[in-house]
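Enquirer: The following comprises the amino acid sequence and a computationally predicted model.
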Amino acid sequence: MAANFGEPRYRANQIFKAVHQRRLRSFDEITDLPKKFREKLIEAADISRLSVESRYVSTDGTRRYLMKTADGYPVETVYIPTESRDTICFSSQSGCPLKCDFCLTAKLGLLRNLTAGEIVEQIIIVLNDVYSVGTETPHGTNLVGMGAGEPFLNFENLISALEIMSAEDGLFIVPNRVTISTAGIVPKIYEFARLENRPHLAISLSSASDTLRDKLMPINKRWNLDELMTAAKEFEGSLKRGERFTFEYVMLGGVNDSDSDAATLAKLLDDYQLSRVKINLIPHNGAEQLDYETSTPERVERFKKLLESRGISAYVRQPRGRDIYAACGQLAAMDNKSAETVTEAIGVE
Ligand code: SF4
């Protein structure tokens, strides 16, 4: 781009750094560029493609950002602070084409894939809101690709975004701090396993029986459990020393949370000799439009204990930001301005 303006090559790098490392959001702020060049850039290009419509703050400190692309599509991003680290959950698509039965995002359908720039910009906006512009990315920040959309259906843009995230002169959040979650796009699991510098992987499972998974996650009709587990086994072979990968299991009261469901899940892992895995149990986050109840805390605990008694590491993911529709499976571009939460538009140019 710099060459098109008759500027030396290093200017392109200077702009890249200003946008991603210093997280500046207008050409005007890049004052180390010659003024004339800045003026030409302002006329010819946009730094920012997303605008923040609303920000919702949960009683537990979680923040949900409802953003919009330049062509008007909703994008949602969630910031989840904890004592030891902060996590930013980003979206890869506006809406989602998969029809997971327990997920509100599914109700939107696919609106469109997000560009690599739009994926990265979500993180820049959140970092600038939580910390100040121009400060270094805090070491504790983790990223999870678990917001709206199926990341592996937007694979190329996802990979380009991951490169910018990890670049030393980009956001510099290394792949080891990033986890991408798939509902089970099997061919891409193989492709992801082959990436040299890849982030961690989580696979959303939610049932160890094909009949139930067909209903809960219809993607199972395209790639069934045998195909998914075979890919997972291959992925296990690509793990680095000490690395594990995750199966996510949304717990739906009376649907997939019985003792026998736990036994079937343990047997599935045994059958495919998967040992370097952990299971994240995610109590379902209910909503009026969804037909499922969440499992009781006692059920979740018993399920966890049953898995552990079979030698499987299991963890319960504590729901965050339920009151502002920011929890897992709740992202549906809801403009819940009437909710008893702090709602404020934040200025974004
Ligand atoms: S759970 Fe994920 S993959 Fe499934 S519909 Fe929701 S956003 Fe899409």
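Expert: Looks like it arrived, so ask away. Numbering: from 1, shown residues only.
Enquirer: C-alpha from now on. contacts and neighbour counts both.
Expert: OK.
Enquirer: can I assume residue 279 sits in a strand?
Expert: Yes: assessed by DSSP: H, G, I helix; E, B strand; the rest coil, residue 279 belongs to a strand.
Enquirer: Okay, buried residues for the longest helix along the chain please.
Expert: The helix that spans the most residues within the chain, counting by DSSP state H, is helix 116-130. Using 16 or more other CA atoms under 10 Å as the test for burial, helix 116-130 gives 116-128.
Enquirer: Between the residues you listed, which sits nearest residue 220?
Expert: For these, the residue nearest residue 220 by CA to CA is residue 119; the value is 26.6 Å.
Enquirer: quick one, what contacts the closest one?
Expert: By CA atoms under 8 Å, 6 or more residues apart in numbering, the contact set of residue 119 is 90-92, 158, 161.
Enquirer: What pLDDT is listed against it?
Expert: If you check residue 119, the pLDDT there is 97.
Enquirer: ok, back up a step: a markdown table for the buried residues of helix 116-130, including distance to the ligand?
Expert: Shown next, in a markdown table, are the buried residues of helix 116-130 (distance: CA to the nearest ligand atom, whole Å):
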| residue | distance to the ligand |
| --- | --- |
| 116 | 18 |
| 117 | 20 |
| 118 | 17 |
| 119 | 15 |
| 120 | 18 |
| 121 | 19 |
| 122 | 17 |
| 123 | 18 |
| 124 | 22 |
| 125 | 21 |
| 126 | 20 |
| 127 | 23 |
| 128 | 25 |
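Enquirer: Serialize these to JSON lines and add fields for distance to residue 199.
Expert: Formatted as JSON lines, the buried residues of helix 116-130 follow (distance: CA to CA, whole Å):
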{"residue": "116", "distance to residue 199": "16"}
{"residue": "117", "distance to residue 199": "18"}
{"residue": "118", "distance to residue 199": "19"}
{"residue": "119", "distance to residue 199": "15"}
{"residue": "120", "distance to residue 199": "15"}
{"residue": "121", "distance to residue 199": "19"}
{"residue": "122", "distance to residue 199": "18"}
{"residue": "123", "distance to residue 199": "16"}
{"residue": "124", "distance to residue 199": "19"}
{"residue": "125", "distance to residue 199": "22"}
{"residue": "126", "distance to residue 199": "20"}
{"residue": "127", "distance to residue 199": "20"}
{"residue": "128", "distance to residue 199": "23"}
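Enquirer: of the residues you listed, closest to residue 202?
Expert: Among the buried residues of helix 116-130, residue 119 lies closest to residue 202 (CA to CA), at 18.6 Å.
Enquirer: And that closest one, how far from residue 61?
Expert: 23 Å (CA to CA, to the nearest Å).
Enquirer: Residue 37 now?
Expert: Using CA to CA, we find residue 37 at a distance of 41 Å from residue 61.
Enquirer: ok, the contacts of residue 119 vs residue 219, which is closest?
Expert: Residue 219 has its nearest neighbour among the contacts of residue 119 in residue 92, at 17.5 Å by CA to CA.
Enquirer: residues near that closest one, how many?
Expert: Per other CA atoms under 10 Å, the neighbour tally for residue 92 reads 31.
Enquirer: What about it? Give its phi and psi, please.
Expert: Per-residue torsions, residue 92: phi -110, psi -20 (degrees, to the nearest 10).
Enquirer: That one contacts residue 159, correct?
Expert: No: assessed by CA atoms under 8 Å, residue 92 is found out of contact with residue 159, at 10.8 Å.
Enquirer: Look up how far the ligand lies from the residue with the shortest distance to the centre of the chain.
Expert: Central residue of the chain (CA atoms, centre = their mean): residue 145, 2.0 Å from the mean position. Distance, residue 145 to the ligand, using CA to the nearest ligand atom, to the nearest Å: 10 Å.
Enquirer: Please apply the same query to residue 201.
Expert: In terms of CA to the nearest ligand atom, residue 201 sits 14 Å off from the ligand.
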